[in-house]
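Participant: model this:
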Amino acid sequence: MSKRKDRKIILIAQCLVNPYCRVHLLGQNFPLSHELMDYLMGERVGVIQYPCPETTAMGLMRNPQGRQQYDNIFFRQHCKELLKIPMLMVREFIKNRYRLTCFIGLENSPTCGIHWGKHKVNKYMTESPNPVDTPDPNDPILMGIMAEILSEELGRENVTVPFLEFPTKEEVGSPRRNAFWNNLKRAVQPEMYVDES
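Facilitator: Modelled structure (predicted):
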């Protein structure tokens, strides 16, 4: 399929375009965002982002928290409100024969992460943003609150796309970072990857 015929869009968390939205624990890694946006623009992928739910609910001076603290009816309703316009845009693009390639969330984000496992407990006996050092493979893996709601919204539209996590703390060339880029390229350029099985 030619680039002209394969018109592509992607849905991403806002902090991947604006790292200032991230809570300080995750760091404001502009080079990684630059690398991501350069790739997407180079492949002519239109970007739809939703406002950061943590920033819009708690501001920039918020403390790092775990998923547990965000898992309440008020924050979930806030996330649903924030997704209304981006989901309208997704529907409009799909209606006009654009292809939604994937969603990219943020690794270890309690709201926009895809694989939130067991985390340490802080001094208040609530979940901290720090993962346990040696996770048990039997521990449940949950999506972040916003990612979970987004998955439900896309499901209502019968839209199935890969959910990827941007590895903010991984070094260049690390296995997890390489895996992210391989998965992203497969989603954006499926014609370049033929199933060899």
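Participant: Tell me the buried residues in the one helix or strand in the chain whose mean pLDDT sits lowest?
Facilitator: None of the helices or strands of the chain scores lower by mean pLDDT, DSSP states H and E than strand 127-131, at a mean of 88. For strand 127-131, the buried set under the neighbour-count rule, 16 or more other Cβ atoms under 10 Å, comprises 127, 128, 129. Heads up, the C-betas are built off the backbone N, CA and C, glycines and all.
Participant: What is the nearest of the residues you listed to residue 12?
Facilitator: Ranked by distance to residue 12 (Cβ to Cβ), the buried residues of strand 127-131 are led by residue 129 at 20.7 Å.
Participant: pretty sure the closest one contacts residue 68?
Facilitator: No. Using Cβ atoms under 8 Å, residue 129 makes no contact with residue 68, being 10.4 Å away.
Participant: What is the subsequent helix or strand relative to the least confident helix or strand of the chain?
Facilitator: helix 145-156 (DSSP states H and E).
Participant: after that next one, next one along is what?
Facilitator: The helix or strand immediately downstream of helix 145-156 is strand 163-166, counting by DSSP H and E.
Participant: Show me what that next one is in contact with.
Facilitator: With Cβ atoms under 8 Å, 6 or more residues apart in numbering as the test, strand 163-166 has contacts from 13, 16, 32, 36, 102-107, 113-115, 143, 147, 151, 180, 183-184, 187.
Participant: Tell me the gap between the lengthiest strand in the chain and the middle of its chain.
Facilitator: For the chain, the strand with the greatest residue count under DSSP state E is strand 99-106. In terms of Cα atoms, centre = their mean, to the nearest Å, the centre of strand 99-106 is found 7 Å from the chain centre.
Participant: Now do that strand against helix 145-156, angle only.
Facilitator: 160 degrees (axes from the mean of the first three to the mean of the last three Cα atoms, to 10 degrees).
Participant: count of residues packed around residue 141?
Facilitator: Residue 141 has 12 neighbouring residues, counting by other Cβ atoms under 10 Å.
Participant: And residue 93, by the same measure?
Facilitator: Around residue 93 there are 18 other residues, counting by other Cβ under 10 Å.
Participant: Could you do the one 4 residues further on as well?
Facilitator: As a burial measure, the neighbour count of residue 97 was computed by other Cβ under 10 Å and equals 9.
Participant: you'd agree residue 181 is in a helix?
Facilitator: Yes. Going by DSSP: H, G, I helix; E, B strand; the rest coil, the assignment for residue 181 places it inside a helix.
Participant: That one: neighbouring residues, count only.
Facilitator: Other residues close to residue 181 by other Cβ under 10 Å number 14.
Participant: roughly how far apart are it and residue 92?
Facilitator: As judged by Cβ to Cβ, to the nearest Å, residue 181 and residue 92 stand 29 Å apart.
Participant: next one: residue 35
Facilitator: 29 Å.
Participant: more neighbours, those two?
Facilitator: It is residue 35, of residue 35 and residue 92, that has more neighbours when counted by other Cβ under 10 Å, with 13 against 10.
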